[in-house]
Structure formats: structure tokens, C-alpha cells
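A.B. asks: Fold the following, please.
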Amino acid sequence: MIINKIAKILVLGTAASLSSITVQAADKELLNILLQNGSINQSQYNTLLKKETISKKDVNSIVTKLDKNGLQFETADKEFKMKIGGRLHADASFHSGDNDIAGDSATNGTEIRRARLYIKGVMWDDFKYISEFDFADNSIAIKDLFVTYTGLDWLDITAGHQKQAISMELQESSNDIMFIERSLVNTITASAFDRAIGLNLKSSGKDWSAQIGAYSESIGSSSSDGGDEGWGMSSRVTYAPINTKNQVVHLGAYGGFRETSDNNDILNGGKNTRFSYETTHSSNLKLTDTGKISDSENLSIAGFEAAYMQGPFSVQGEYAYAWLTRDGEPSVDFNTFYVQAGWTLTGESRSYKGSDGEFKRLKPAKDFSLKNGGWGALELAARYDQADMTSENIIGGSEKAVTLALNWYLNQNVRLMADYRRAFDVENSAILAAENSGDLEGVNTFSLRGQWAF
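C.D. replies: Next comes the predicted model:
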């Protein structure tokens with residue numbers, strides 16, 4: 001059945017192409033010859049000439065462009081736009097100091113962390129859309145899949161599978177963040193407040209943003225156990241009292257609530273909610289891990305964020321606190337924070353978008369080129385973060401970490417990254433060997449990434 005449908009589509013497409021070629025080939029010179037030879041009369045000549053003129057007008061009204069922003073199409077009236085792009089993140093990671101861990105140690109090696117393609121654009125001037133899919137891990141995952149109505153000057157309305165309005169670090173694209181892995185704050189923000197199907201309302205200006213949304217569950221969540229889906233709400237507000245090209249002061253706050261689903265899914269705050277953090281995506285090493293928290297009911301989160309940028313120097317921080325109520329069990333609470341700083345050795349400033357309240361990708365002043373003598377942009381970054389996932393009878397452990405990063409932006413589309421992370425003061429972690437007395441001095445992680453994105 002699928003093959004028959006594909007065949008029909010190909011036949012129709014071929015017919016349409018041949019029809020278009022036939023009309024376009026009938027240019028004025030050929031029509032004049034046919035008219036002079038008596039092959040067509042004047043009425044037929046006028047009709048074919050009109051069709052040929054209309055066909056050329058339609059084709060010429062589409063503007064096609066290929067550059068650093070991807071493959072782009074646009075109608076002359078700008079009411080319809082489409083852009084095709086993607087990203088590839090190829091990672092390698094290695095660990096040391098993980099010999100005292102019970103069971104298997106960290107997994108070292110390479111992987112394609114992200115392999116995404118997207119189509120986004122504008123329809124009828126007022127509707128923006130995006131469809132983005134990830135092909136990493138030999139599977140297909142739906143990332144963004146939504147439509148935004150922008151016809152109101154003061155409000156954008158977004159419906160579909162989207163990022164929830166939580167956390168500056170979580171909102172920032174993996175193409176733009178300064179580190180290969182997000183901080184320990186991601187332990188409690190991403191577990192229940194990452195992407196989900198929902199409705200989001202956003203109002204923004206050059207220096208501020210305010211949004212609130214209501215969401216069900218992620219497309220990737222499982223409902224095989226039956227029962228109703230969970231639901232939640234989240235909100236985030238940001239303000240930049242100083243917002244210039246070379247100086248930024250950013251302030252923000254967010255909050256969220258989620259009622260767990262009736263199934264046992266650990267995504268989106270299911271009955272078996274779990275908070276954990278992998279040292280790298282492929283390591284399978286979780287130094288802090290609550291395990292499945294059974295009988296979870298309601299999950300709430302609150303957070304604060306701040307950032308400052310002055311020329312090539314920037315500092316950014318975030319604190320998040322989560323509390324979880326359980327059926328027949330005491331409530332538990334967890335907290336985590338990070339502080340990070342970056343310095344661009346080549347002098348460029350980071351890009352900041354006040355209407356989103358987040359930093360974008362660094363753009364080199366001069367692209368890398370052996371022919372023209374450019375070396376791109378070099379960035380040094382450092383981060384300190386910690387998390388405490390132990391509360392009441394939930395022993396998820398705690399850890400602190402320091403991460404150093406060196407990023408080389410060859411141009412706006414290509415970046416090479418190298419990170420060193422040391423996790424230390426790891427306490428009460430369930431994965432520690434019994435003879436280790438419950439503590440671990442430190443685990444070292446070395447990570448590399450090659451990235452292209454457009």
C-alpha cells in the first residue's frame with residue numbers, strides 16, 4: 001500500500017514537472033514560428049503566450065538562497081517562507097577515577113549525540129512553524145513540532161510539542177551553550193519540564209519576556225500502563241535593564257507545577273518520577289540518582305537566574321528548587337545551582353536576545369581560513385555546580401563539580417569543543433561500592449565535540 005502511494009506521488013510529480021517544462025519551453029520565439037507556419041491560430045497563440053508569461057512569473061516570484069543560515073525559500077510578497085537546516089554533534093568521552101564504583105564503571109567511547117534536521121518558516125505572514133527530528137541513537141525522535149500565531153502585536157500563541165517555559169540554561173540551544181553537557185541544574189529541570197505537548201502564551205519586547213503555558217506529556221513518554229496522562233503548567237519572566245551589543249544585565253525567574261500521570265513513566269513526572277544526572281550522555285554513569293520515586297503525586301519547581309556580560313567577559317548563574325508530594329509518604333525536596341563564567345580570547349561578545357531572555361551562539365569577527373589568515377574565535381569557560389538529591393527516605397546522593405572548557409568557533413556554523421569535568425565530594429550515592437564508606441573523592445571526565453549547525 002505504501003509503495004503504491006509513493007508510486008502515485010512520483011507519477012503525479014513527474015507529470016507536473018513535464019507540464020511545467022512544456023509550458024516554459026513554449027517561449028515567444030517558438031510560438032511565433034508555430035503561428036507563422038499555421039500550426040496554431042491567433043487565439044491559440046494568445047492563450048499559450050499568456051500561460052507562458054504566468055508560468056514564468058510564478059517561478060520568478062520564489063526567491064531561493066543558500067548561505068550560513070541554511071537553504072531558504074521566500075515568496076516575493078514575503079507571506080511564505082521556508083528554511084531547511086540541521087545540526088550534527090559528534091562526541092567522544094573518557095573517564096578516570098571511577099574504579100570505586102559498584103558494578104560497571106563509566107562507558108568510554110564515541111557517539112553521534114545529535115543528528116537533527118528541521119524545516120521551519122512562515123505561512124500567511126502570521127503563522128510560524130517548525131518541525132525538527134533527531135536521528136541519533138539509530139532512532140527517530142520528535143523534538144520541536146509546533147505552530148505559533150504572531151498576528152497580535154502583544155502576544156504570541158504557540159501550540160504543539162515544544163520546550164516548556166523553564167530555566168535559562170534549558171531554553172538555550174545545545175548549539176549555543178558553552179559546555180558540552182548542561183549543569184547539575186538540569187537534574188531537576190529537564191526530568192519533568194523539558195519538551196511536552198501544550199499551549200504557550202508569550203509576550204515580549206526588546207529587553208523583556210513573559211510567558212506561561214499548560215502542557216500534557218512529551219511525545220516520547222509511555223502510556224502503555226494505561227490511565228490518564230499527567231499535566232502541568234510553567235511560567236518564566238525575564239528582564240534586561242541593560243541590553244546593548246557589548247553589555248548585558250539579565251534577571252529572570254520561573255516556576256512550574258506538574259501532576260503526575262496514572263502510568264509508571266519516569267518522564268514528565270510519572271508515578272515513578274526519577275531525578276538523575278549522567279556525567280556524559282553515553283557514559284551511563286549517574287553519580288546522583290534518586291532511583292524511581294514511587295507513589296509520586298505533585299511536583300513543583302521554582303528557580304532564579306541572573307547573567308552579566310561586559311565585552312568578551314560574561315558570568316551566568318541559576319538556582320533551582322523542587323519539591324515532590326507523595327501518596328502515603330513524606331514529601332521530599334531537592335536543590336541545585338550553577339555559576340559559570342566565559343571569556344572570549346579573541347575579543348568577541350556573546351549574542352543576547354532580550355525577547356527570549358537567553359544567549360545565542362558566539363559569532364567570530366573573522367572566520368577561520370588558512371587562505372585569508374583568519375583564525376575564528378576562541379573561548380575559555382569555567383563552571384561550578386552542585387546538587388543535593390537526598391531528602392527524607394530518598395537517598396539520591398549529592399555531588400559538586402568543576403568544569404573547564406575551551407571552544408573554538410571556526411565560523412558561525414562549525415565549532416570544536418573540549419571539556420574537563422571533575423566531580424568531587426560525591427556522598428551517599430547508591431552506585432558506590434560498599435567498602436567505599438559512602439563517599440567518592442572524585443571522577444574525572446574528558447569530553448570532545450565536533451559540531452556543525454545551520
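
A.B. asks: gap between the nearest residue to L380 once chain neighbours are set aside and G317?
C.D. replies: Nearest non-adjacent residue to L380, counting by CB to CB, 6 or more residues apart in numbering: W343, 5.0 Å away. Every C-beta, even on glycine, is put in place using the N, C-alpha and C of the backbone. Applying CB to CB, to the nearest Å, the value for W343 to G317 is 16 Å.

A.B. asks: Buried residues of stretch 160-173, list them for me.
C.D. replies: Neighbour-count burial for stretch 160-173, counted by 16 or more other CB atoms under 10 Å, picks out 160-172.

A.B. asks: Go through those residues and name the one nearest K202.
C.D. replies: A165 (7.9 Å; CB to CB).

A.B. asks: returning to that earlier point: more crowded one of W343 and G317?
C.D. replies: When neighbours are counted by other CB atoms under 10 Å, W343 and G317 differ, and G317 comes out ahead with 21 against 14.

A.B. asks: thinking again about what came up before, the residue nearest to L380 reaches L378, doesn't it?
C.D. replies: No - counting by CB atoms under 8 Å, W343 stays clear of L378, with 9.5 Å between them.

A.B. asks: related to what we said a few turns ago, which members of the buried residues of stretch 160-173 occur in strands, if any?
C.D. replies: When DSSP state E defines the strands, the subset of the buried residues of stretch 160-173 inside them is 160-163.

A.B. asks: any weak-confidence spans in this protein?
C.D. replies: 1-27, 51-60, 100, 102-104, 221-227, 262-272, 433-439 (pLDDT under 70).

A.B. asks: Using the record's assignment, carve it into domains.
C.D. replies: 1-60, 79-453 (automatic domain parsing).

A.B. asks: Single out the most deeply packed of those domains.
C.D. replies: Ranked by mean neighbour count, the domains of the chain are led by domain 79-453 with a mean of 18 (mean count of other CB atoms under 10 Å).

A.B. asks: what about that one, start to end distance?
C.D. replies: Start-to-end span of domain 79-453 (CA to CA, to the nearest Å) is 26 Å.

A.B. asks: Mind listing the residues bridging to the closest residue to K65 other than its chain neighbours?
C.D. replies: The shortest distance from K65 to any residue other than its chain neighbours is 4.7 Å, reached at Q72 (CB to CB, 6+ apart). On the basis of DSSP bridges, Q72 is bridged to K65, K83.

A.B. asks: need the contact list for Q72.
C.D. replies: Residues touching Q72, when contacts are defined by CB atoms under 8 Å, 6 or more residues apart in numbering, comprise 64-66, 81-84.

A.B. asks: Please apply the same query to I212.
C.D. replies: With contact taken as CB under 8 Å, 6+ apart, I212 is in contact with 165, 200-201, 233-235.

A.B. asks: Check T148 too.
C.D. replies: Contacts here follow CB under 8 Å, 6+ apart; on that basis T148 touches 127-129, 156-159.

A.B. asks: how close does F179 sit to V443?
C.D. replies: Taking CB to CB as the measure, F179 and V443 are separated by 17 Å.

A.B. asks: coming back round to it: from the contacts of I212, which single one is nearest A190?
C.D. replies: Closest to A190, out of all of those and judged by CB to CB, is S234, at 12.5 Å.

A.B. asks: Keeping just the C-alphas, turn the helix or strand hosting the closest one into PDB.
C.D. replies: When secondary structure is defined by DSSP states H and E, S234 falls within strand 231-243. Once non-C-alpha atoms are left out, strand 231-243 reads as follows in PDB (Å, rounded to 0.1, in the frame of the first residue of the first chain):
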ATOM      1  CA  TRP A 231      -0.500  17.700  33.100                       C
ATOM      2  CA  GLY A 232       1.400  20.700  34.200                       C
ATOM      3  CA  MET A 233       1.900  24.500  34.000                       C
ATOM      4  CA  SER A 234       5.100  26.600  33.900                       C
ATOM      5  CA  SER A 235       5.900  30.200  33.600                       C
ATOM      6  CA  ARG A 236       9.100  32.300  33.100                       C
ATOM      7  CA  VAL A 237       9.800  36.000  33.200                       C
ATOM      8  CA  THR A 238      13.000  37.800  32.200                       C
ATOM      9  CA  TYR A 239      14.200  41.400  32.200                       C
ATOM     10  CA  ALA A 240      17.400  43.000  30.900                       C
ATOM     11  CA  PRO A 241      17.800  46.500  32.500                       C
ATOM     12  CA  ILE A 242      20.900  46.900  30.400                       C
ATOM     13  CA  ASN A 243      20.900  45.400  26.900                       C
END
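
A.B. asks: And the helix or strand following that strand, what does it pack against?
C.D. replies: Using DSSP H and E, the helix or strand that directly follows strand 231-243 along the chain is strand 247-259. Counting contacts by 3 or more CB pairs under 8 Å, 6 or more residues apart in numbering; DSSP states H and E, strand 247-259 packs against helix 186-193, strand 231-243, strand 296-310.

A.B. asks: Recalculate using a threshold of 7 Å.
C.D. replies: Using 3 or more CB pairs under 7 Å, 6 or more residues apart in numbering; DSSP states H and E as the contact definition, the elements that strand 247-259 packs against are strand 231-243, strand 296-310.

A.B. asks: could the ones you listed go into JSON lines alongside distance to Y409?
C.D. replies: What follows is the helices and strands packed on strand 247-259, written out as JSON lines (distance: least, CB to CB, whole Å):
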{"stretch": "strand 231-243", "distance to Y409": "23"}
{"stretch": "strand 296-310", "distance to Y409": "16"}
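
A.B. asks: For F446, list each beta-bridge partner.
C.D. replies: Under the criterion DSSP bridges, F446 forms beta bridges with F94, Y420.

A.B. asks: Touching, it and Y420? I think so.
C.D. replies: Yes - with contact defined as CB atoms under 7 Å, F446 counts as touching Y420 (5.8 Å).

A.B. asks: ok, and what's touching stretch 318-333?
C.D. replies: Residues from elsewhere that reach stretch 318-333, judged by CB atoms under 7 Å, 6 or more residues apart in numbering: 167-169, 185, 188-189, 273, 293, 295-305, 334-338, 391-392, 394.

A.B. asks: From Q386, how far off is the most centrally placed residue in the chain?
C.D. replies: By CA atoms, centre = their mean, the chain has its centre lying nearest to S173, at 4.4 Å. Separation of S173 from Q386 (CB to CB): 25 Å.

A.B. asks: With that, I have no additional questions.
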